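Novice: Pasted the sequence and its predicted model underneath.
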Amino acid sequence: MSLLEVKNLKVEFETADGVVNAVNNVNFSIEEGKILAIVGESGSGKSQTVFAMTGLLDHNGSATGSVKFEGEEILNISNQKLNQIRAEKIAMIFQDPMTSLNPYVRVSDQMTEVLVHHHGASKSDALKQSINMLDAVRIPDASNRIRMYPHEFSGGMRQRVMIAMSLLCKPKLLIADEPTTALDVTVQAQIMKLLADLQKDFGMSIILITHDLGVVAGNSDDMLVMYGGEIMEIGKTENIYSAPTHPYTQGLMSAVPRLDDSEERLITIPGNPPNMMKSPEGCPFSPRCKFAVDKCNSDSPALLKIGNSDHFRSCHVDKEKIL
Ligand SMILES: Nc1ncnc2c1ncn2[C@@H]1O[C@H](COP(=O)(O)OP(=O)(O)O)[C@@H](O)[C@H]1O
Ligand SMILES: [Mg+2]
């Protein structure tokens, strides 16, 4: 049994202009102790996929399909049950730690509160556990720094505090939504490495969401590439990295800025992200795809297995043609 199994997930938003199809027929699963990266440009449906799973969609959104966590359906269950799951089993961290941390309350108070109120720990035990957790996320001099306020930490250190807080309840699954986007490149790399190390130390599974393909290599087991609310390609990270079989993945790869580049060159894929209002006819990437054939504009390609591997792609064009 997989830790998490997502089947035929669809997310729609009702708006004054019509229905937005943010997520279309998404299927994936995560095994215990694995890191899955969800990659795609801004607006491709990454966040709404995990928001739907955890009951965090905006009020105008609705989700259909199935999300099983430890074998139990969690899609569209009661808020009370979801709150419990989010407090005990599924933790989330976001791009801006300040959305979850109170800048004017000492880190010690924010961390110990979680343990005292939600887990019935004594004040002194909670403090000890919190300091240990700050140590675990490699915050130097944790026993003193724990008394600081979040605004006294640098961006990278603040994200470490946030990660430490999210790990206090020993989650089975950590969802990190663009956790390093606001940070500079060097700090980004450190946080990614930290998450991969923490996965090993704590044994949880991680969903790592990013628009930056450059940060997932070496820091994830599997990789799901999303565009226009659909899965373009999914498989082992190292396989996709060494031989991306989807034109969109290739486009993302060439858009990755290289660390050793002296000029800050950023190549982007020509064209604009899709209009999610239109019901998806054909492949959402076809208007921007340099390999597109007629069929790509009219028929939605199925997500098909490549040979005998765990690698799937959703594309009408022969992979030999684009490799
Ligand atoms: N409350 C909402 N109402 C209408 N559309 C929304 C709402 N929230 C998100 N969307 C749309 O859903 C699509 C997917 O968004 P999202 O999953 O947040 O993208 P990302 O991949 O950047 O995380 C986008 O087109 C976004 O505009
Ligand atoms: Mg997002």
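Specialist: Alright, I've got the coordinates. Numbering: from 1, shown residues only. Ligands and ions are numbered 1, 2, ... in the order given.
Novice: right, quick check: stretch 79-96 against ligand 1, any contact?
Specialist: No - Stretch 79-96 stays clear of ligand 1 (CB under 6 Å from any ligand atom), getting no nearer than 10.0 Å. Placement of C-beta: from N, CA and C, glycine included.
Novice: So Leu9 is in contact with Ala22, correct?
Specialist: No - the pair Leu9 / Ala22 is not scored as a contact, 10.4 Å apart, by CB atoms under 8 Å.
Novice: tell me the contacts of the residue in the stretch 51-200 of the chain that ligand 1 sits nearest to?
Specialist: Minimum separation of the stretch 51-200 of the chain from ligand 1 (CB to the nearest ligand atom) falls at Asp58, amounting to 3.5 Å. The contact partners of Asp58, taken as CB atoms under 8 Å, 6 or more residues apart in numbering, are Phe13.
Novice: what does Val114 give?
Specialist: Met165, Leu168, Cys169.
Novice: ditto for Ile90
Specialist: Ile90 neighbours (CB under 8 Å, 6+ apart): Thr54, Phe69, Pro171, Lys172, Leu173, Leu174, Ile175.
Novice: Among those, name the ones in strands.
Specialist: Phe69, Leu173, Leu174, Ile175 (DSSP state E).
Novice: want to throw these into CSV with neighbour count and pLDDT?
Specialist: What follows is those, written out as CSV (neighbours: other CB atoms under 10 Å; pLDDT from 0 to 100):
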residue, neighbour count, pLDDT
Phe69, 22, 98
Leu173, 22, 98
Leu174, 23, 97
Ile175, 27, 97
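Novice: This structure against ligand 1: which residues are in contact?
Specialist: 13, 15, 20, 22, 40, 42-48, 58, 60-61, 276.
Novice: Buried among these? Make that a PyMOL selection.
Specialist: A single PyMOL command selects the buried members of those (16 or more other CB atoms under 10 Å):
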select buried, resi 13+20+22+40+43+44+45+46+47+48+61+276
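Novice: For the residues of the chain next to ligand 1, name the two members farthest from one another.
Specialist: Gly40 and Asn60 (22.1 Å; CB to CB).
Novice: In this structure Thr15 contacts Gly61, no?
Specialist: No - the pair Thr15 and Gly61 fails to qualify as a contact (CB under 8 Å) at a distance of 10.0 Å.
Novice: From the chain's centroid, how far away is stretch 283-299?
Specialist: 26 Å (CA atoms, centre = their mean, to the nearest Å).
Novice: Make residue 1 into 14 and carry on from there
Specialist: Sure, I'll start numbering at 14, so the last one becomes stretch 296-312.
Novice: CA atoms only for stretch 50-70 - export them in PDB, please.
Specialist: C-alpha atoms of stretch 50-70 as PDB (Å, rounded to 0.1, in the frame of the first residue of the first chain):
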ATOM      1  CA  ALA A  50       9.000  16.500  -6.700                       C
ATOM      2  CA  ILE A  51       6.100  18.300  -8.500                       C
ATOM      3  CA  VAL A  52       7.600  20.600 -11.100                       C
ATOM      4  CA  GLY A  53       6.000  23.100 -13.500                       C
ATOM      5  CA  GLU A  54       5.700  26.700 -14.400                       C
ATOM      6  CA  SER A  55       3.700  29.100 -12.300                       C
ATOM      7  CA  GLY A  56      -0.100  28.400 -12.800                       C
ATOM      8  CA  SER A  57       0.300  24.800 -13.900                       C
ATOM      9  CA  GLY A  58      -1.800  23.400 -11.000                       C
ATOM     10  CA  LYS A  59       0.900  22.300  -8.500                       C
ATOM     11  CA  SER A  60      -0.400  24.100  -5.500                       C
ATOM     12  CA  GLN A  61      -4.100  23.400  -6.100                       C
ATOM     13  CA  THR A  62      -3.300  19.600  -6.400                       C
ATOM     14  CA  VAL A  63      -2.000  19.600  -2.800                       C
ATOM     15  CA  PHE A  64      -4.500  22.100  -1.600                       C
ATOM     16  CA  ALA A  65      -7.300  19.800  -2.800                       C
ATOM     17  CA  MET A  66      -5.700  16.900  -1.000                       C
ATOM     18  CA  THR A  67      -5.500  18.800   2.300                       C
ATOM     19  CA  GLY A  68      -8.800  20.600   2.200                       C
ATOM     20  CA  LEU A  69      -7.200  24.000   1.600                       C
ATOM     21  CA  LEU A  70      -8.900  25.000  -1.600                       C
END
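Novice: And the helices in the stretch 64-213 of the chain, which stretches?
Specialist: 92-101, 120-126, 132, 136-149, 155-158, 168-180, 198-215 (DSSP state H, counting those that start in this stretch).
Novice: so who does the nearest residue to Gln203 once chain neighbours are set aside touch?
Specialist: Nearest non-adjacent residue to Gln203, counting by CB to CB, 6 or more residues apart in numbering: Gly169, 6.6 Å away. Contacts for Gly169 (CB under 8 Å, 6+ apart) come out as Leu196, Val200, Gln203, Ile204.
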